[in-house]
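Chemist: Let's see this in three dimensions:
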Amino acid sequence: MGVVTFPGSLDDGDAARGVRLAGGDAVRLWHADPELYGVDAVILPGGFSYGDYLRAGAIARFAPVMETIALAARDGLPVLGICNGFQILCEAHLLPGALTRNQHLHFRNRDQWMRIEAVQPVWTNAFTDSQEILIPVKNGEGCYVADQHTLDELEANGQVVARYINGNPNGSLHDIAAISNSTGNVVGIMPHPEHAVDLLTGPSVDGLGFFTSVLKFLAGVPADQGATT
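Modeler: Numbering: from 1, shown residues only. The predicted model follows:
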């Protein structure tokens, strides 16, 4: 599984660790190199790519590696964007909507409860429907916004992957914490599952399910055998 590093990435090492703890091989990918080196899935990690100049993710979307990822994603490559990675996916139009400044205008860093709203074959097959999980959130521009038509489509098509519960940390519309594209292979999530893969370093191991899910999908394990977390 490929993990991309942009200038300003902070959580690429943590994402690679999550892949390894789930039993996968992490391949480090560089923003300026368009080659994906045969990886079966890609993670765009959290951080502040290119210093978040202009807008968060606005410059990263033009990185050479993103041109390759965008083409591969449209052909079905599994892609997970975490926090800044979610912002990049929206800027690249691989996901609808946008991430804007937190409604309260403060950076928010805390452990956050969320509910899995869509058990999809690629990134959430290890969870159960409506499962509540605890994952850290840390963002200043994590407020998900979209026009009403887009929000209605996301809800109707089961593309809201996870929703904040017990408090909305950033003001996201419909309490949205994660969404997918229409085919489910591309997911953006604002909380950080890579920081919830080991009880030594996180509040839970709930985030590990995102990594085990894609590995099971790639291995061809049926979804009904994947709900283990």
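
Chemist: any chance you could map the helices in the chain?
Modeler: 12-21, 64-74, 84-91, 148-156, 208-219 (DSSP state H).

Chemist: Most tightly packed of those?
Modeler: helix 84-91 (a mean of 29; mean count of other CB atoms under 10 Å). (Glycine included, C-beta is placed from N, CA and C.)

Chemist: pull the CA atoms of it into CSV?
Modeler: C-alpha atoms of helix 84-91 as CSV (Å, rounded to 0.1, in the frame of the first residue of the first chain):
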residue,chain,number,x,y,z
ASN,A,84,-5.1,17.0,4.8
GLY,A,85,-5.5,14.0,2.5
PHE,A,86,-9.3,14.5,2.6
GLN,A,87,-8.8,18.2,1.7
ILE,A,88,-6.6,17.2,-1.2
LEU,A,89,-9.2,14.7,-2.5
CYS,A,90,-11.8,17.4,-2.5
GLU,A,91,-9.5,19.9,-4.2
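
Chemist: Now do it: distance to the chain's middle.
Modeler: How far helix 84-91 lies from its chain's middle: 9 Å, per CA atoms, centre = their mean, to the nearest Å.

Chemist: swap in stretch 5-15?
Modeler: With CA atoms, centre = their mean, you get 13 Å for stretch 5-15.

Chemist: likewise stretch 111-129?
Modeler: Distance of stretch 111-129 from its chain centroid, counting by CA atoms, centre = their mean, is 12 Å.

Chemist: what's the first-to-last distance across that stretch?
Modeler: Start-to-end span of stretch 111-129 (CA to CA, to the nearest Å) is 21 Å.

Chemist: mind listing what's buried in it?
Modeler: Neighbour-count burial for stretch 111-129, counted by 16 or more other CB atoms under 10 Å, picks out 112-127.

Chemist: circling back: looking at the helices of the chain, which is closest to residue 137?
Modeler: helix 84-91 (11.5 Å; CB to CB).
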